[in-house]
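Colleague: kindly return the folded structure for what I paste below:
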Amino acid sequence: MKHLPGAVRSVRFQGAAAALGALTLILAGCSSGSPSSSSSSSSTAQAAGHKGGTLTILANSAFGVADPAQNYTLEEWQLLIDTHDGLVGFAKVGGVAGSKIVPDLATSVPTPTNGGKTYLFHIRKGIKFSNGQTLKPSDFVRTFERQFTVPGPTSFYSGLVGASKCSTKGCDLSQGVVADDSAYTLTLNLTAPDPELMDQLALPFAFAVPGNTSLKLTGNNLSPGTGPYMWKSYNPNTQAVLVRNPYFHVWNAEAQPEGYPNEIIEKYGLQVSDEVRAVQNGQANAVYDGDQIPSDQLSQLNSPKYASQVHVNTLTADWYFALNTKRPPFNNLQARQAINYAANRAAYVKIAGGSSLAVPTCQILPPNYPSYTPYCPYTAGSSHTAWTAPDLAKAKQLVQQSGTAGMKVVVNGTNDQVGKALVEQMISDLDAIGYKASAQLLTTSVQYAFVQNSANSAKWNVGWSDWYQDYPAASDFLNVLLGCGTIRPNSDASPNIAAFCDQSIQSKIDQAESMQATDPSGAATLWTQVDQADTNAAPWVALYNPKLIDFLSSNVHGYLWNPQWYILIDRLWLS
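Modeller: You can find the predicted model right below:
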């Protein structure tokens, strides 16, 4: 995503030694699904229907351009799932059940025909967008065409018949997305079976927009949706405001229940420490869960007073530095492997908040994820299953062998407190093995787009990023982030930041995807091999896998943790 970007563009804070013991206690008191109080709170909320009030979320920064066809951040997605709908969706419930695909604007989840290449959806009747316009099957034609004309940041829907000829100049999906407004059906025709299609259709990129929506980027003007809320306003410098959609009615509560707050506001611009104080004082209701709470405040929150307000959950996510494989020194494999051996992952974990908030990693796939097998070739010692310490001798040897010693290296990152700390540590790691590194710091709101765009490729060598799952499939990391098909020249939406393309690895990716429907076990083995091949090719310096904390005000109830969307904002209710 979820990075994401990555889907989460978040701020991390340095120095958490004082909080480690506190977090150990917090972790012991909260499960990685939903806290022990969630079920009873949720049941009470469901029964009593605690509607009303304004829920206020505080975030350090906004999520950038808001157009759903292009935005790739958890921060907006957590709001978009309350304002828009797709053909199918992830169940809006807590715990593992939240990974289940359920029918949303379609009446059922169809079984594919034509050898897995054709899906027939029956669209619900009587649903209106927030502007009063009636939803029609043909609205989805515009939704999918916009992925190519805006364009969107991924190749999720490139398997639709006709998609290969689409571009920013135009798109004809008349054979791939066939709408019958009289029969209220929508047929999707693929060029090849795609076992992950339902997951992809549940993402905001496939959420319905009116058929007259512009084929070009709409910027910060969001199109009407069909969810229980609608966008009243969005200003990335100040706030986003969601209010109730007067045309909404519940058609499937599992996919889109009626929300509890009357209004949802997300405000931008405060330091995270100030966000925490505001929530402590009851001046706001939640700290955005992509903003990490400073260690001294975590220590404060580890008290009986806040026991019901703090929730800790593990994430399937990576924090990493992408290496620019298109220019020296990191167009050289030995140079890329050298900085991987040199990276002091213990220092990066400390910056992230310590071992209770992050786990060091060397590989692409995160733990607790399909096809994950522990693998770390870049560590001191003989074990290759876990990182223990840097191997500077090996790193220096590789730098000399690569012929890149003494080269200048520009390290790109964000200019917030932790962004600076991560960049400074990377500079230290690079300098220690013979490079001459310097910092290039950008604001959080522009940095991710900058390092994605190949027009800026000559300006940096190492670029920070993070990635949080879009949905639970190995391809979401291995193909989206390091596949040849997600290099989009001169685009702000090119998630393969390293511009890494290895045709032999891509062949294995393609083979795994084609096997997934008929031989899932064999495909899983191939994905493990791809993960290790990517790790060996070293297009990244993988740093750590993070954990996440939600902090809510004392008058917020009904907390649910969804493995796909994390906190379910519309399920919170106020007393």
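Colleague: checking residue 506 next. Helix, strand or coil?
Modeller: Here residue 506 is recorded as helix under DSSP: H, G, I helix; E, B strand; the rest coil.
Colleague: surely it touches residue 487?
Modeller: No: taking C-beta atoms under 8 Å as the definition, residue 506 is not a contact partner of residue 487, at 11.0 Å. (Each C-beta comes from the backbone N, C-alpha and C, glycine too.)
Colleague: please identify the helix or strand for residue 329.
Modeller: Residue 329 is part of no helix or strand, with elements assigned from DSSP states H and E.
Colleague: who's in contact with the closest residue to it other than its chain neighbours?
Modeller: Nearest residue to residue 329, sequence neighbours excluded (C-beta to C-beta, 6 or more residues apart in numbering): residue 404, at 3.6 Å. Applying C-beta atoms under 8 Å, 6 or more residues apart in numbering to residue 404 gives the contacts 328-329, 332, 334-335, 435.
Colleague: can you rerun that using 10 Å?
Modeller: Contact analysis of residue 404 by C-beta atoms under 10 Å, 6 or more residues apart in numbering lists 328-332, 334-335, 338, 398, 433-435.
Colleague: wait, residue 453 touches residue 493, no?
Modeller: Yes: between residue 453 and residue 493 there is a contact under C-beta atoms under 10 Å: 8.8 Å.
Colleague: so which of those two has more stuff around it?
Modeller: In this view residue 453 and residue 493 are compared by other C-beta atoms under 10 Å, and residue 493 has more residues nearby, 21 against 17.
Colleague: quick check: that one vs residue 567, distance?
Modeller: To residue 567, residue 493 is 26 Å away according to C-beta to C-beta, to the nearest Å.
Colleague: what of residue 163?
Modeller: For residue 163, the distance to residue 567 equals 34 Å [C-beta to C-beta].
Colleague: quick one on the thing from earlier: more neighbours: which of residue 506 and residue 487?
Modeller: Shown here are residue 506 and residue 487; by other C-beta under 10 Å, residue 487 has more neighbours (19 against 16).
Colleague: once you drop chain neighbours, what's closest to the more buried one?
Modeller: Distances taken as C-beta to C-beta, 6+ apart place residue 496 nearest to residue 487, at 4.8 Å, with adjacent residues excluded.
Colleague: where's that neighbour, which helix or strand?
Modeller: Applying DSSP H and E, one finds residue 496 in no helix or strand.
Colleague: since we're on it, how many residues are nearby?
Modeller: Look at residue 496: counted by other C-beta under 10 Å, it has 21 neighbours.
Colleague: check residue 390 too.
Modeller: Residue 390 has 22 nearby residues by other C-beta under 10 Å.
Colleague: wait, what's in contact with it?
Modeller: 340-347, 378-380, 429, 432-433.
Colleague: can you tell me which of these are in helices?
Modeller: 340-342, 345-347, 429 (DSSP state H).
Colleague: might you list the low-confidence residue ranges for the stretch 1-150 of the chain?
Modeller: 1-49 (pLDDT under 70).
Colleague: ok, which stretches of it are strands?
Modeller: For the stretch 1-150 of the chain, the strands defined by DSSP state E, counting those that start in this stretch cover 54-59, 88-90, 101-103, 118-122.
Colleague: output the ones you listed as JSON lines; include the columns mean neighbour count and distance to residue 252.
Modeller: Below are the strands of the stretch 1-150 of the chain laid out as JSON lines (neighbours: other C-beta atoms under 10 Å; distance: least, C-beta to C-beta, whole Å):
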{"stretch": "strand 54-59", "mean neighbour count": "22", "distance to residue 252": "23"}
{"stretch": "strand 88-90", "mean neighbour count": "26", "distance to residue 252": "9"}
{"stretch": "strand 101-103", "mean neighbour count": "19", "distance to residue 252": "6"}
{"stretch": "strand 118-122", "mean neighbour count": "19", "distance to residue 252": "13"}
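Colleague: nearest to residue 355, out of these?
Modeller: Among the strands of the stretch 1-150 of the chain, strand 54-59 comes nearest to residue 355, with 26.1 Å by C-beta to C-beta.
Colleague: partners of the closest one in the sheet?
Modeller: Partners of strand 54-59 in the sheet, by DSSP bridges, are strand 263-268 (parallel), strand 286-287 (parallel).
Colleague: got the contact list for the last one?
Modeller: Looking back up the chat, that one is strand 286-287. Strand 286-287 has contacts (C-beta under 10 Å, 6+ apart) with 55-60, 266, 270, 272, 274-276, 278-280, 293, 297, 309, 549-553, 556, 559, 567, 569, 572.
Colleague: repeat the analysis, applying 8 Å as the threshold.
Modeller: 55-58, 272, 275-276, 279, 293, 550-553, 556, 567, 569, 572.
Colleague: neighbour-wise, which of the contacts of residue 404 leads?
Modeller: For those, neighbours tallied by other C-beta under 10 Å; top is residue 338, 33 neighbours.
Colleague: I figured that residue hits residue 398, correct?
Modeller: Yes: at 3.7 Å, residue 338 counts as touching residue 398 under the criterion of C-beta under 8 Å.
Colleague: where does residue 322 land in three-state SS?
Modeller: strand.
Colleague: bridging residues for it?
Modeller: Here residue 322, judged by DSSP bridges, has bridge partners residue 463, residue 540.
Colleague: what sits against it?
Modeller: 451, 462-465, 497-498, 539-540.
Colleague: going along the chain, name the helices of the stretch 401-550 of the chain.
Modeller: Ranges of helices within the stretch 401-550 of the chain are 417-431, 444-452, 475-478, 503-515, 520-537, based on DSSP state H, counting those that start in this stretch.
Colleague: which other helices and strands contact the first one?
Modeller: Helices and strands touching helix 417-431, as assessed by 3 or more C-beta pairs under 8 Å, 6 or more residues apart in numbering; DSSP states H and E, comprise helix 333-342, helix 345-352, strand 408-414, strand 436-442, strand 462-468.
Colleague: tell me the buried residues in the last one?
Modeller: Taking 16 or more other C-beta atoms under 10 Å as the neighbour-count basis, strand 462-468 is seen to contain the buried residues 462-468.
Colleague: now tabulate those in a markdown table and tack on pLDDT and distance to residue 77.
Modeller: Shown next, in a markdown table, are these (pLDDT from 0 to 100; distance: C-beta to C-beta, whole Å):
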| residue | pLDDT | distance to residue 77 |
| --- | --- | --- |
| 462 | 98 | 28 |
| 463 | 98 | 23 |
| 464 | 98 | 21 |
| 465 | 97 | 17 |
| 466 | 94 | 15 |
| 467 | 93 | 14 |
| 468 | 88 | 10 |
